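>>> following is a predicted model, sequence given first.
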Amino acid sequence: MDQKVVASAIFRGKKAKYPESLNVPFADTRIDESEISPKVMQMIRHEKVKYVSSVVRFEGKGFKPKVRMLVLTRKAAYLLEAAKIKEQVEYSTIKGISTSNLSDGIVVIHLLEDGKQVQGDVIIQCDHVFEVVTRLCMLAKKEELVAVAEGSLEFQFSPGKPGTIDFTTGHSAQVYKAKNGHLTVVGLPTAAFV
């Protein structure tokens, strides 16, 4: 299925800036495979790299922002830091993908809670949110599990430990931990969705 058709099914009428994205073609990748560490490429060589982009990963209860390289293969999503695989998310462990309805670029990858899992849901921010979410959900075959949230969304720090992301608009885009412990994401105001 064409990526733009999938993106339309997910985002049309739901997310800010979607109408402006219609005439912008999706890139095959944002970072060339040659820029991935040879050590990492050796570890994932059987999986075929399908897409690579730079993202910011918000980690832990303090939501520390860390620049990562997101690598999508046929089997899994990887978050890399230089020559290290920091996180591996098998597509079979994804139970949903969420974004806000605003123009903030936040993506939450919700993971199944099983006995082996110690990490919680994955929170990232990316510049090409329509492209990243579309590629991720198509590779993971989870198109029907993408949700566009208004106001706030729930996630899991770790199994049984919920957290909240609050979305709002303001004069400058920012992401920070609020006094109430929530991750607060401020997007720029945009025109109505089409």
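On my side now, so go ahead.
>>> what's the following helix or strand after the longest helix along the chain?
Identified as the longest helix of the chain according to DSSP state H is helix 129-140. Next along the chain after helix 129-140, taking DSSP states H and E as the criterion, comes strand 146-149.
>>> in that next one, what's buried?
Neighbour-count burial for strand 146-149, with 16 or more other Cβ atoms under 10 Å as criterion, is recorded at 146, 148-149. Where you see a C-beta, it was placed from the backbone N, CA and C, and this is true even at glycine.
>>> the helix or strand just after that strand: partners in the sheet, and parallel or antiparallel?
Following strand 146-149 in sequence order, the next helix or strand is strand 152-158 (DSSP H and E). Strand 152-158 sits in its sheet next to strand 161-169 (antiparallel), going by DSSP bridges.
>>> let me see the mean pLDDT of the strand it pairs with.
For strand 161-169, the mean pLDDT works out to 96.
>>> ok, and what's touching that strand?
In this structure, residues lying in contact with strand 161-169 by Cβ atoms under 8 Å, 6 or more residues apart in numbering are 61, 100-102, 104, 106, 108, 120, 123, 149-157, 178, 181-190.
>>> what's the answer for stretch 108-115, then?
77, 89, 93-99, 117, 119-124, 136, 153, 155-156, 159-160, 165.
>>> which of those are buried, as a PyMOL select command?
This is how PyMOL selects the buried members of these, with burial counted by 16+ other Cβ under 10 Å:
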select buried, resi 77+89+93+94+96+97+98+99+120+121+122+123+124+136+153+155+156+165
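>>> which of the contacts of stretch 108-115 fall in helices?
Here DSSP H is the test, and those give L136 as lying in helices.
>>> which secondary structure elements does the longest helix of the chain contact?
Helices and strands in packing contact with helix 129-140 are listed as helix 3-11, strand 49-59, strand 64-73, strand 94-100, strand 106-111; criterion 3 or more Cβ pairs under 8 Å, 6 or more residues apart in numbering; DSSP states H and E.
>>> redo the ones you listed as TSV? Include distance to S21 and mean pLDDT.
TSV is the format used below for the helices and strands packed on helix 129-140 (distance: least, Cβ to Cβ, whole Å; pLDDT from 0 to 100):
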stretch	distance to S21	mean pLDDT
helix 3-11	7	95
strand 49-59	15	97
strand 64-73	19	98
strand 94-100	13	96
strand 106-111	15	97
